[in-house]
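need a structure here:
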Amino acid sequence: MQPLDESWQYRWGDSPVLADGTPAWLFEDAPDQWHDIGFPSNPPGRDGRDYAWFRVTLPEGNWFHPVLYVYSVDIIVQVWFRGERLYQYGTFEGEGRGAFEGWPWHEIQLPDDYEGETLYFRVFSDYTDIGLWGEVAITEPPDLTLYILSQSAEDLIVSALSALIAGLALVFACIQRGQKSLATVALFSSLVAVMLLAESQASLLLLYRPLFWDYLAAASYYLIPVALTLLLAQWLGKQRSGLIRGLMWFHLAYAVGAVVGALGGLVALSSTFPVFDAVLVVSLLLIAMVAVRQFSGLYREQQILLLACGGFVALLILDMAVAHGFLPWGRVPVSWGALGFSLAVIGISVWHFGRTQRALHQLTARLEQKVRERTARAEALAAREVARGRLLALESKKSQKFADVIAALQDCAGIEEAFEGLLRAMPELYLPIAGGFYRRGQNGRYECQTQWGEARAGAFPLALGQGLSGITETVLPVRSDELPLQLYFFLRVESGHSGPEPEGVLALERPELPDELKDYGSLRVIGWVHQSVEKIGITLSGLALRAELQKFSYEDSLTGLKNRRHFDELFRHEREVSVRSERSLSLLIFDIDHFKRFNDCHGHEAGDQALRRVGKLLGACFRGSDTVCRYGGEEFAVLMPGASLEEARYRAEQLRGAIAAERIEHRGEHLGYLTISAGIACWPENCPAFEGLFRAADMALYEAKEAGRNRVVAATP
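Numbering: from 1, shown residues only. I've put the predicted structure just below:
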């Protein structure tokens with residue numbers, strides 16, 4: 001993103017129109033009419049004016065498909081470039097006025113040769129604010145999409161979590177019909193979920209209907225105090241909730257009137273926000289007075305939820321202050337407040353669940369006592385019930401142990417560490433059934449890792465240490481007498497580059513149970529073993545996928561080098577180490593000369609092949625302690641801790657010569673040779689200020705380009 005935060009000017013009023021419909025202000029200079037402004041929003045001296053023009057001189061940039069990103073505009077806008085209309089949002093009618101059509105973010109396509117040209121913005125607004133709002137920057141469409149998604153990810157996640165909580169609360173409200181507060185919690189969470197989704201920038205990627213999302217956001221935003229006052233009224237009781245209920249009905253009437261009036265064309269939707277915000281502040285003060293006075297009389301769960309609502313409301317007020325210009329612009333994390341409320345609901349639910357579980361455990365203990373008493377009176381069923389009780393106790397013990405094993409596996413850093421813990425836990429997990437575990441080696445053969453128990457003579461070949469070949473996975477039969485003597489369960493682990501593959505084999509002897517439980521118990525035990533192996537496989541797959549995801553997040557998939565994210569984090573770390581140890585730190589930045597021309601001539605596939613070749617040469621020209629990263633596109637960066645400026649220059653020249661001598665071939669065709677331009681800087685040798693190390697190397701790179709490319713230039717102090 002290349003922010004446009006300089007050289008802005010504004011001019012009040014609207015331009016006269018030439019015969020061809022083009023505004024005359026695009027062609028007249030009139031420098032005394034244009035005034036400088038730091039950001040194109042709310043110029044001084046509005047005095048009721050509804051028209052304003054803004055202009056900016058576009059800076060230089062290196063973009064493939066440049067677009068101008070604008071966070072929002074109040075309220076409709078035209079963009080002019082070189083006397084032609086480049087973009088328009090909204091409808092300019094009759095005298096240049098227009099109706100409110102939403103607050104979307106804008107993506108404006110720029111010509112490739114826009115540098116140094118002037119971009120004009122014609123804005124009409126009968127709202128409290130006029131002009132552009134938030135952020136204005138130049139970028140590219142893929143980067144803009146990723147930026148929108150990254151900025152909206154938090155809101156979308158919290159919105160989904162709030163929607164889930166709303167659904168669960170509604171289900172429990174239906175089950176427990178007397179719990180009206182659960183229904184109100186469901187209403188509050190659903191309103192928060194809708195508001196976060198509608199106000200997130202990513203909503204326009206789902207459906208580009210700005211006015212629809214603004215209506216949805218307004219309706220949910222206006223109804224939030226209704227849910228809050230309804231919840232508080234239910235907690236306080238009828239004798240103390242008169243003011244709260246009055247506020248509830250007032251806000252409900254305002255929400256309905258504002259939305260219906262805007263839909264009917266009686267008022268503009270944008271004009272309802274300032275009035276509501278002012279009313280909301282007063283209402284929240286009244287609600288806070290009542291809540292503080294009655295806070296000590298509420299249950300602990302109600303107090304927690306009320307505090308969580310207070311945090312959410314505080315962030316709403318902060319966002320309101322930013323929206324109306326009382327605070328400088330910035331993204332207010334309103335979703336954090338919603339997340340706090342969601343976590344409070346989840347925490348209270350978990351606490352209630354734990355209390356319910358304790359009650360269930362006590363109930364289970366009483367039931368077992370009754371079973372023992374009935375067993376004494378029913379001697380005919382004693383043998384079976386005792387055996388069955390033992391089996392259930394064993395299953396409970398094994399299930400608890402299995403739960404501990406799964407929890408331990410989930411805490412492991414990698415799959416190898418998980419296998420070490422799993423091998424230690426297997427004997428205790430599957431005894432008294434004799435068995436062993438075989439893991440697949442590098443050669444594809446399965447090798448025994450651990451064994452336990454004593455197998456019957458001749459019935460269990462694993463006790464003899466034999467290898468596994470041609471085995472068949474055991475399928476749970478319908479009858480216990482169909483179980484084979486040896487049982488094999490494949491432990492499948494799924495990775496990102498392949499589907500689930502057998503990583504190991506659990507081999508068990510057929511369990512021997514008393515005759516009373518042979519038909520029932522054997523199949524149940526084997527079924528539990530089968531489920532346990534599947535769940536272990538799922539857990540190990542999660543570890544494997546997590547490890548691969550972590551690796552991909554710091555690695556460039558094309559060249560195999562570290563990416564920009566890894567470089568930025570390591571640069572901060574190396575800076576602290578160098579300052580603390582007073583050790584020099586050299587930085588090399590280079591890019592491939594005329595790489596865009598190379599791509600245009602030979603295609604992006606050949607360009608990718610060239611980048612891979614450069615990546616391999618980088619690994620051969622630098623030390624193991626140096627960090628080589630692909631910084632972006634055809635630009636690379638090398639961080640050399642402890643290297644002097646002369647050593648850095650030597651290695652840069654060595655790299656430049658190696659790349660210049662490298663023959664680039666693609667599909668058997670010789671594509672020529674590549675050259676690089678490089679800039680180097682060393683702290684503290686020729687860059688006394690550490691904060692300027694990156695900028696110094698970058699400026700040296702541009703000096704190398706201006707000097708004719710294919711050279712290394714060291715930064716000057």
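
Span of stretch 117-133 from start to end?
Using C-alpha to C-alpha, to the nearest Å, one end of stretch 117-133 lies 22 Å from the other.

For burial, what's the neighbour tally of Val259?
Residues lying near Val259 (other C-beta atoms under 10 Å) number 18. For glycine as for every other residue, the C-beta is placed from the backbone atoms N, C-alpha and C.

What residues does it make contact with?
Neighbour list for Val259: 215, 218-219, 222, 269 [criterion: C-beta atoms under 8 Å, 6 or more residues apart in numbering].

ranking the residues you listed by neighbours, who comes first?
Busiest of the contacts of Val259 [other C-beta under 10 Å] is Tyr222, holding 24 neighbours.

show me what contacts that residue?
Tyr222 touches 251, 254-255, 258-259, 272, 276, counting by C-beta under 8 Å, 6+ apart.

taking those residues one by one, which sit in strands?
Residues of the contacts of Tyr222 located in strands (DSSP state E): none.

number of nearby residues for Ala198?
Neighbour count of Ala198, defined by other C-beta under 10 Å: 20.

hmm, I was thinking of Glu301
16.

Kindly report the same for Leu26.
There are 19 residues near Leu26, going by other C-beta under 10 Å.

what sits against it?
By C-beta under 8 Å, 6+ apart, the residues touching Leu26 are 15, 80, 83, 120.

Quick check, pLDDT for it.
Looking at Leu26, its pLDDT reads 90.

still on that earlier bit, nearest to Leu491 among the contacts of Val259?
Ala219 (51.9 Å; C-beta to C-beta).

which parts of the strand or helix carrying the closest one are buried?
Using DSSP states H and E, Ala219 sits in helix 210-236. Residues of helix 210-236 classed as buried: 210, 213-236 (neighbour count, 16 or more other C-beta atoms under 10 Å).

same check, this time on stretch 137-149
137-140, 144, 147-148.

Adding distance to Ala707 and secondary structure, write those residues out as a markdown table.
Listed next are the buried residues of stretch 137-149 as a markdown table, based on distance: C-beta to C-beta, whole Å; DSSP: H, G, I helix; E, B strand; the rest coil:
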| residue | distance to Ala707 | secondary structure |
| --- | --- | --- |
| Ala137 | 31 | strand |
| Ile138 | 27 | strand |
| Thr139 | 29 | strand |
| Glu140 | 28 | coil |
| Leu144 | 34 | helix |
| Tyr147 | 34 | helix |
| Ile148 | 39 | helix |
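
Break the chain into its domains for me.
Domain assignment of the chain by automatic domain parsing yields the ranges 2-139, 149-351, 381-551, 564-714.

can you tell me the average pLDDT over the longest one?
What domain 149-351 shows for mean pLDDT is 80.

do the same with the third one
Across domain 381-551, pLDDT averages out at 74.

can you give me the offset of it from its chain's centre?
Taking C-alpha atoms, centre = their mean, to the nearest Å, one finds domain 381-551 lying 36 Å from the centre of the chain it belongs to.

Please apply the same query to the last one.
Distance of domain 564-714 from its chain centroid, counting by C-alpha atoms, centre = their mean, is 31 Å.

Could you work out the end-to-end span of it for me?
Domain 564-714: ends 22 Å apart by C-alpha to C-alpha.

for the first one, same thing?
Using C-alpha to C-alpha, the gap from the first to the last residue of domain 2-139 comes to 6 Å.

now the longest one
Between the opening and closing residues of domain 149-351 there is a gap of 35 Å (C-alpha to C-alpha).

The stretch 1-150 of the chain: helices as residue ranges?
141-175 (DSSP state H, counting those that start in this stretch).

show me where it has strands.
2-3, 8-12, 35-37, 51-57, 67-74, 76-81, 84-89, 106-109, 118-124, 131-139 (DSSP state E, counting those that start in this stretch).

Same question for the stretch 351-500 of the chain.
Using DSSP E, counting those that start in this stretch, strands in the stretch 351-500 of the chain cover 435-440, 446-452, 486-495, 498-509.
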